[in-house]
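Asks: Sequence and computational prediction follow.
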Amino acid sequence: MTMVTFALLRHATFDSLDHAGDTWNGLSGHLEHVAGRMRSDVLQPLTGGSGPYAPPGTGNRPWTGAAAEEAAREIGFLTDELHAFHYEALAVSAALHRAKKAFTEAQQKLLRAIGDAEALGATVAEDGTVTLPDLPPEERNDPEAIAYQKRKWDEVQQHVQVMTAALTAAGEADNAMATALRALDPQDVDPATHPDAVRNAVSDLEAATGMPTDPKALKDWWAGLDPAVRAGLLTADSDKLIKAGILGPTEYEWSSPDKGAGPWGVREPGIADQMMQVEVASMVGGGALAGYPAAARNLAHYLDNNGTPLDLEVEPMLRDDALFRANADAQLAANKDKWRQAAVEAFEKSGGVPVSIPVESPVDQNTFQDENWFYAIGSHPNLTSGVVTAVPGADGKPQVSLEYQVNVWDRYNWDEGKSTQIAGTNVTDHDMATLHQTGLAKEFDIVGRTKPITIRLDDPTSPGRQTP
């Protein structure tokens, strides 16, 4: 078995992996196209629109009897097998593209470390051996020269450690690719012997991509996938991916714009603080916040004192606040043509196979005009994000759709020097902040998003946004 050696990683080029991955993408698209034609042009006419391998419908079967049943069964198996091999081909592509990315990153780290070591006067041999020239004879008994040489050698060793780590990473990438490719067993995707053949192939694809569970890592993973592999994953299990958060932004990262009331629970509460807690709690249960359900819910979560993030649905915000709704519509209108063009270009580059790319609008700042949402959130950043997908139509031309969500973030906190009038009651940020500072309430993050919305981007009559 070929091992990743120092010299191999130092001098290798990896463009052939991308080329091979693109070839497998094309094969996957061809397999899926043939499977679709088999279903629509062979199975459906053969079965008259009925049976386990035909789309639901009615019609007269042109051929009946035992032979007809067996023919439908075998052609159905073949169609499912083509469908499964479509995902297997995407798994090969994913493994190749993933390996290329990992190899390239490892090589870049190796070359930087080599350059840093050489800048210190070291020599880096083809087998990775690193040496420094000996001190000249006249300096070999000089304590300062000896100390300087040792400091330089210690610094070189730091770069040697980076080289070793890069070589290890390349070896791990090589093993991961080999494992992913060995897992692609044709026997596992034979529907005649494995009823779960398509599901097995989808599992192979997911394993080949190395889908992470950490939300931060998921964003980077999703953004780094090949567009054809993204489309294949979405077709296979869009619900799982959307639940994981792939419709969220891959570039923008929200963080609280201010420190709020500062650290939590930094002093013991006094009688006045406890009375303030009771007074604020009375606002929730039908007091000053009666008629403001979102504001009451958020304040109640503040008083729950656990600080956990609060997830909110954004549809009521769009429904209730005309300015926020207009802002969301403007984000979509300003970007959807650009997003469509990006999908078309990716589709053409892929050779006409289905592709999906993540998109997001620039972040915008909005202040709610509706009193309920103003008291609940106030000002907040928001943006539109999602996935634009291009698939070949019957004529081979791209059909483009966008699945997206509107995102809202906020930090429920209190700053000095502010106050708000709520139904005649003056609520000061100072008083509310003391509850956090004395550990009687706790600030928290707010994250909101709409349910997924899908529109066609190649249809001028498609609405810019579906009404929540």
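Replies: All right, it came through fine.
Asks: how many neighbours does residue 8 have?
Replies: 14 (other CB atoms under 10 Å). Every residue, glycine included, has its C-beta placed from N, CA and C.
Asks: How about residue 311?
Replies: Around residue 311 sit 10 other residues, with neighbours defined as other CB under 10 Å.
Asks: I figured it hits residue 445, correct?
Replies: No: here residue 311 does not reach residue 445: they are 9.7 Å apart, not a contact under CB atoms under 8 Å.
Asks: helix/strand/coil for residue 256?
Replies: Taken by DSSP: H, G, I helix; E, B strand; the rest coil, the conformation at residue 256 corresponds to coil.
Asks: Disregarding flanking residues, what is the spatial nearest neighbour of it?
Replies: Leaving out its chain neighbours, the residue that sits closest to residue 256 by CB to CB, 6 or more residues apart in numbering is residue 411, at 3.9 Å.
Asks: So, low pLDDT: which residues of this structure?
Replies: Flagging of the chain using pLDDT under 70 yields the residue ranges 1-2, 49-60, 286-288, 415-427, 459-468.
Asks: Quick check: can you list the domain ranges of the protein?
Replies: The chain breaks down into these domains under automatic domain parsing: 6-210, 271-456.
Asks: ends of the shortest one, how far apart?
Replies: Domain 271-456 has an end-to-end distance of 60 Å (criterion: CA to CA, to the nearest Å).
Asks: got it, and stretch 172-192?
Replies: Stretch 172-192: ends 36 Å apart by CA to CA.
Asks: where exactly do the strands run in the stretch 201-350 of the chain?
Replies: For the stretch 201-350 of the chain, the strands defined by DSSP state E, counting those that start in this stretch cover 310-313.
Asks: Check the stretch 51-200 of the chain too.
Replies: With DSSP E, counting those that start in this stretch as the criterion, the stretch 51-200 of the chain has strands at 123-124, 130-131.
Asks: can I get those strands in JSON lines with mean neighbour count?
Replies: Formatted as JSON lines, the strands of the stretch 51-200 of the chain follow (neighbours: other CB atoms under 10 Å):
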{"stretch": "strand 123-124", "mean neighbour count": "16"}
{"stretch": "strand 130-131", "mean neighbour count": "16"}
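Asks: do you know which of those lies nearest residue 393?
Replies: Smallest distance to residue 393 across the strands of the stretch 51-200 of the chain (CB to CB): 54.6 Å, for strand 123-124.
Asks: Give me the contacts around the closest one.
Replies: Strand 123-124 is contacted from outside by 114, 117, 118, 130, 131, 132, 133, 163, using CB atoms under 8 Å, 6 or more residues apart in numbering.
Asks: Against residue 408, how distant is the residue located most distally from the centre of the chain?
Replies: Farthest-out residue of the chain from its mean C-alpha position, per CA atoms, centre = their mean: residue 138, at 61.0 Å. Distance of residue 138 to residue 408, computed by CB to CB, to the nearest Å: 71 Å.
Asks: what does residue 354 give?
Replies: Per CB to CB, residue 354 is found 31 Å from residue 408.
Asks: just the helices in this protein please.
Replies: 6-11, 15-37, 44-47, 66-119, 143-182, 197-209, 215-224, 227-244, 271-284, 293-304, 315-320, 322-349, 371-376, 429-437 (DSSP state H).
Asks: Which among these is found nearest to residue 261?
Replies: helix 429-437 (3.6 Å).
Asks: Buried residues, that closest one. List them.
Replies: 429, 431, 432, 433, 434, 435, 436, 437 (16 or more other CB atoms under 10 Å).
Asks: Report the spatially nearest residue to residue 27, omitting neighbours in sequence.
Replies: Using CB to CB, 6+ apart and skipping residues adjacent in sequence, the residue nearest residue 27 is residue 89, 4.7 Å away.
Asks: What is the neighbour count of that neighbour?
Replies: So residue 89, with other CB under 10 Å, has 25 neighbours.
Asks: pretty sure it contacts residue 34?
Replies: No: Residue 89 is beyond contact range of residue 34, at 11.9 Å (criterion: CB under 8 Å).
Asks: Check the gap between residue 357 and residue 62 for me.
Replies: 43 Å.
Asks: Which one's more surrounded, these two?
Replies: Between residue 357 and residue 62, residue 357 has the larger neighbour count (other CB under 10 Å), namely 20 against 10.
Asks: what pairs with that one across the strands?
Replies: With DSSP bridges as the criterion, residue 357 is bridged to residue 388.
Asks: Tell me which residues touch it, please.
Replies: By CB under 8 Å, 6+ apart, the neighbours of residue 357 are 227, 230, 342, 343, 346, 387, 388.
Asks: try 6 Å
Replies: Taking CB atoms under 6 Å, 6 or more residues apart in numbering as the criterion, residue 357 is in contact with 227, 342, 346, 388.
Asks: How about stretch 12-21, which residues are buried there?
Replies: Of the residues in stretch 12-21, those buried (16+ other CB under 10 Å) are 17, 18, 20, 21.
Asks: Check what contacts it and list those residues.
Replies: With CB under 6 Å, 6+ apart, stretch 12-21 has contacts from 93, 96, 97, 99, 100, 103, 104.
Asks: got it, and stretch 131-143?
Replies: Applying CB under 6 Å, 6+ apart, the external contacts of stretch 131-143 come out as 122, 123, 145, 149, 153.
Asks: With adjacent residues omitted, what lies nearest to residue 127?
Replies: Distance criterion CB to CB, 6+ apart; nearest residue to residue 127, sequence neighbours excluded, is residue 6 at 5.8 Å.
Asks: before we move on, back to that, is it possible to get the contacts of residue 357 out as a markdown table so that each row also shows neighbour count?
Replies: Conversion of these to a markdown table gives the following (neighbours: other CB under 10 Å):
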| residue | neighbour count |
| --- | --- |
| 227 | 24 |
| 342 | 18 |
| 346 | 22 |
| 388 | 26 |
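Asks: Closest to residue 456 out of the residues you listed?
Replies: Nearest member of these to residue 456, counting by CB to CB, is residue 388, at 10.8 Å.
Asks: Buried ones among the contacts of strand 123-124?
Replies: 114, 117, 130, 163.
Asks: picking that back up, if the residue nearest to residue 256 is in a bridge, with which residues?
Replies: residue 445.
Asks: Check the burial of it by counting its neighbours.
Replies: By other CB under 10 Å, 17 other residues sit near residue 411.
Asks: With residue 385 instead?
Replies: 22.
Asks: Make a markdown table from the strands of the stretch 51-200 of the chain and add distance to residue 316 to it.
Replies: Formatted as a markdown table, the strands of the stretch 51-200 of the chain follow (distance: least, CB to CB, whole Å):
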| stretch | distance to residue 316 |
| --- | --- |
| strand 123-124 | 62 |
| strand 130-131 | 63 |
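Asks: out of the contacts of strand 123-124, what pair is the most spread apart?
Replies: Pairwise distances across those (CB to CB) peak at 19.1 Å, for the pair 133 and 163.
Asks: Count the residues that sit near the nearest residue to residue 273 once chain neighbours are set aside.
Replies: In space, and not counting its chain neighbours, residue 273 is closest to residue 438: 4.7 Å by CB to CB, 6+ apart. By other CB under 10 Å, 21 other residues sit near residue 438.
Asks: going forward can the numbers begin at 288, since that is how I track them
Replies: OK, 288 is where the count begins now, so the last one is residue 725.
Asks: correct me, but residue 725 touches residue 557?
Replies: No: if you go by CB atoms under 6 Å, residue 725 and residue 557 don't touch, sitting 7.7 Å apart.
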